[in-house]
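Visitor: When you get a sec, could you give me coordinates for this:
(one chain, ligands or ions: 1)
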Amino acid sequence: MNQIRLSPSRITDFNNCPQLYKYRVVDQLPEQISIDAERGKLVHSVLEKLFDSPQGLRNLDLALSLIPTLWEIQKEEVPGLEALITSQKEWDDRVAALLATYFLLEEPNSFDAAHREMHVELNLSENIYVHGYVDRMDIAPTGEVRIVDYKTGKAPQPRWQGKALSQLKIYALVYWRNTGVIPRLLQLIYLGSSEVVRSAPTADDLIETEVGLFEVATSILSATQENSWPPHPSRLCDWCSFKSICPAFSS
Ligand code: SF4
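Guide: Numbers count the residues shown, from 1 in each chain. Below you'll find the model as predicted:
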């Protein structure tokens, strides 16, 4: 049997809409460029690069100065992106505003990032591989670990925050299983609404996450064997690249 590859993004896809998962993972269809995703990518790149400079120099001016070079690289990597930017000023202002919000939420001169864009992976079982990229991992001198993820959108309502944190719980589980250390803190930094969502995971939380991974892997395996990928229409359809071919919208 082929190994099932799980990542937080693909789990979210499957849970939101199995048909969307099929288009992305099974069929590997190309997608339209998402301006919001590309803006988020640029902000992530700047925040990653920010920590190359020593403490004391990490400020908004430095962050803004990093944009032009990183933006040029991104445009080269994504053909067609530049043509989608209808107002460069609007784009620049939005990116700058998101970065300005970052400095309201964290003081990056007070710590060093141990890892940035860190690939974490785990063979959960013989047939299940879990992986993902951690935006930033901080390790205190005392050894306590903090996993940080930047979001350029708005924070969810409190009742949905547990779901939002599930991505970081997967990373925490992978880190725990690989090192024996449970991260002390999970932190989602929402630059779109200037909020931080935090959670201190317990062993029970991460075991629950692990059980959830086995369950979603079983569901994906079953969908694969039965070739059954029901569409689940929702408000997400308005942003879906595959709406024009989706059976939920064919007349
Ligand atoms: S259009 Fe909606 S229902 Fe269809 S694949 Fe996309 S998200 Fe799923």
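Visitor: can you give me how far stretch 5-14 is from the chain middle?
Guide: With CA atoms, centre = their mean, to the nearest Å as the basis, stretch 5-14 stands 11 Å off its chain's centre.
Visitor: That stretch: which residues count as buried?
Guide: By neighbour count on 16 or more other CB atoms under 10 Å, the buried set for stretch 5-14 is 6-8, 10-14. Glycine gets a C-beta too; all of them are placed from N, C-alpha and C.
Visitor: ok, residues contacting the one helix or strand residue 215 maps to?
Guide: Using DSSP states H and E, residue 215 sits in helix 203-226. With contact meaning CB atoms under 8 Å, 6 or more residues apart in numbering, helix 203-226 is reached by 1, 4, 6, 11, 14-15, 18, 21-22, 26, 124-125, 127-128, 130, 166, 169-170, 172-173, 176, 182, 228-229.
Visitor: Show me what the mean pLDDT comes to for it.
Guide: What helix 203-226 shows for mean pLDDT is 97.
Visitor: ok, so what distance separates residue 78 from residue 14?
Guide: Note on residue 78: its distance to residue 14, by CB to CB, to the nearest Å, is 26 Å.
Visitor: Please parse the protein into its domains.
Guide: Domain ranges of the chain: 35-110, 113-224, per automatic domain parsing.
Visitor: can you list those domains in TSV and add mean neighbour count and distance to residue 240?
Guide: Shown next, in TSV, are the domains of the chain (neighbours: other CB atoms under 10 Å; distance: least, CB to CB, whole Å):
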stretch	mean neighbour count	distance to residue 240
domain 35-110	15	13
domain 113-224	17	17
